[in-house]
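J.: sequence and predicted model, in that order:
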Amino acid sequence: ADRNRTKDVSEESLRSPICCIMGHVDAGKTKLLDRIRGTNLQEGEAGGITQQIGATYFPAENIRERTKEIISHVDHAKLKVPGLLVIDTPGHESFSKLRSHGSDLCDIAILVVDIMHGLERQTIESLNLLKMRNTDFIVALNKVDRLYGWKTCRHTQMKEAIEQQSKDVRNEFRMRLDQIITQFKEQGLNTDLYYSKGNIRERYSIVPTSAITGEGIPELLWLILAQWTRKNKVEKPTYSDQVQVEVVEGLGTTIDVVLVNGVLHGGDRIVVCGKQGPIVTTIRSLLTPHPMKELRVEGTYLHHKEIKAVQGIKITAQGLEHASTATGLYVVRPQDDLEEIEEKAMEDHMKSVMSRSTE
Ligand code: GDP
């Protein structure tokens, strides 16, 4: 079986997808995120999960481990990504802020819909954002455990878990699902259960989940990686030289960023967009929190000489206190024209101000 999992060279070179969680208030975004992060921690080993600045990183191996009971080795071998980065602040405000270079930072979203309530106001708002940015998404049809009489089936594929329910539960599930599919249709979107037949390229997948029991979550993680692997092959290039970074929060002389592409080094000369003009400075340190299994001491970080995408990191450098959030960060290479980069950095600022005033 291990031979099936021989590491393809491309696994290293493909970029991990960045995932955001969106949906209506109370749909279960926070709980779902807790579940996604928590399961492995309760099992003792963090399974390679690392808590980052504003995000949590899951190595593909961790996701393989969590899905080994429901996904075949053959399918596991098809995964060609190093892992998955999930942004820690759910909600569409954070999605709006997560933009880099005027495009999206978020590669794929989990749109959480409460099965008892269907599409609600903020679900539609989230959908509109996703459509506008042309961002791929998967629907987590959450709170299935609230269907009257639902019997929890752990370590089972959701498809089988549904088949094992009583007739009444299955009927209620089908009725609610059909209503929700119709509601999506009214929004111009084709959706269906992730395991139903038909061309998966022509629809968005729905994964029934329960953030309370954890059912459906392995499938959800799996689908994100599988979908990204598939699309990546055709659309997305691998690592580029260009470093793509998003400033999430400015704090004193540090900024929190998501490194989307490429590699950052200590000592790199960088340009960030500032409230009073471009800030040109040098990276003093690249920091990430300590891995989870180690004792976490507030305010202490691991120092890195270089960091490869995708990661949530903290950068310290002089002059960052006026850095704007939701803008790009540019590395100045020896051959680059500094003025041009300064202009580019300030364009981001204009874009982010404009998008904030229209959203
Ligand atoms: P958010 O506003 O979307 O972040 O929603 P929360 O994660 O805070 O959840 C709202 C409420 O729904 C909380 O009381 C959760 O415990 C509950 N909840 C979330 N997911 C589930 C689920 O799958 N099943 C059930 N029964 N309750 C859930």
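T.: That came through fine. Residues are numbered from 1 along each chain as shown.
J.: end-to-end on stretch 150-163?
T.: For stretch 150-163, the separation between the terminal residues is 11 Å (C-alpha to C-alpha, to the nearest Å).
J.: do stretch 149-164 as well
T.: First-to-last distance for stretch 149-164 - C-alpha to C-alpha - comes to 12 Å.
J.: and that stretch with the ligand, contact?
T.: No. With C-beta under 6 Å from any ligand atom as the measure, stretch 149-164 is seen stopping short of the ligand, the closest distance being 9.2 Å. C-beta: built from backbone N, CA, C; applies to glycine.
J.: state the distance from Val81 to the ligand.
T.: Counting by C-beta to the nearest ligand atom, to the nearest Å, the gap from Val81 to the ligand is 27 Å.
J.: contacts only, for the residue of the chain found nearest the ligand.
T.: Residue nearest to the ligand within the chain (C-beta to the nearest ligand atom): Gly28, separated by 2.9 Å. Contacts for Gly28 were tallied using C-beta atoms under 8 Å, 6 or more residues apart in numbering; they are Val112, Asp114, Ala140, Asn142, Lys143, Ala211.
J.: give me the number of residues near the first one?
T.: Other residues within reach of Val112, judged by other C-beta atoms under 10 Å, total 27.
J.: looking at this, it is in a strand?
T.: Yes. Counting by DSSP: H, G, I helix; E, B strand; the rest coil, Val112 falls inside a strand.
J.: so Asp256, which of the three states?
T.: Quick answer, by three-state DSSP: Asp256 is strand.
J.: so what's it bridging to?
T.: Glu249, Lys314 (DSSP bridges).
J.: that one is in contact with Lys314, isn't it?
T.: Yes. Using C-beta atoms under 8 Å, Asp256 makes contact with Lys314 at a distance of 5.4 Å.
J.: please look at Gln318 and Ile283 and confirm they touch.
T.: No. Contact criterion C-beta under 8 Å: Gln318 and Ile283 do not qualify, at 10.1 Å.
J.: which of these two has more neighbours?
T.: Remark: of Gln318 and Ile283, Ile283 carries more neighbours, 18 against 10, as counted by other C-beta under 10 Å.
J.: ok, that one - contacts?
T.: Contacts for Ile283 (C-beta under 8 Å, 6+ apart) come out as Leu264, His265, Gly266, Gly267, Asp268, Arg269, Ile270, Ile315, Thr316, Ala317.
J.: buried subset of these?
T.: Leu264, Gly266, Asp268, Arg269, Ile270, Ile315, Thr316, Ala317 (16 or more other C-beta atoms under 10 Å).
J.: what about the helices in this structure?
T.: 9-13, 29-42, 60-66, 73-78, 92-97, 121-133, 158-163, 167-186, 217-234, 338-358 (DSSP state H).
J.: neighbours around Ser72, how many?
T.: Applying other C-beta under 10 Å, I find that Ser72 has 12 neighbouring residues.
J.: quick check: the gap between it and His303.
T.: Counting by C-beta to C-beta, to the nearest Å, the separation of Ser72 from His303 is 41 Å.
J.: how about the strands in the stretch 201-350 of the chain?
T.: Ranges of strands in the stretch 201-350 of the chain, per DSSP state E, counting those that start in this stretch, are 204-208, 244-251, 254-261, 263-265, 269-272, 279-282, 285-289, 301-304, 306-308, 311-316, 328-331.
J.: what angle do the third one and strand 311-316 make?
T.: Relative orientation of strand 254-261 and strand 311-316, computed by axes from the mean of the first three to the mean of the last three C-alpha atoms, to 10 degrees: 140 degrees.
J.: could you shift the numbering so residue one becomes 41, and keep it that way?
T.: That works, and once the first residue is 41, the last one we named lands at strand 294-301.
J.: beta partners for Leu151?
T.: The partner residues for Leu151, given DSSP bridges, come to Met62, Val179.
J.: swap in Thr231?
T.: Applying DSSP bridges, one finds that Thr231 bridges with Tyr244.
J.: wouldn't it be in contact with Ile240 here?
T.: No. The pair Thr231 / Ile240 is not scored as a contact, 11.2 Å apart, by C-beta under 8 Å.
J.: of the two, which one has the most company?
T.: Ranked by neighbour count (other C-beta under 10 Å), Thr231 and Ile240 place Thr231 first, with 23 against 16.
J.: what sits against that one?
T.: Residues in contact with Thr231 (C-beta under 8 Å, 6+ apart) are Val179, Ile220, Ile221, Phe224, Lys225, Arg243, Tyr244, Ser245, Ile246.
J.: contacts only, for the nearest residue to Val65 once chain neighbours are set aside.
T.: Ranked by C-beta to C-beta, 6 or more residues apart in numbering and with sequence neighbours excluded, the top spatial neighbour of Val65 is Gln162, at 6.1 Å. Gln162 sits next to Gly63, His64, Val65, His132 when contact means C-beta under 8 Å, 6+ apart.
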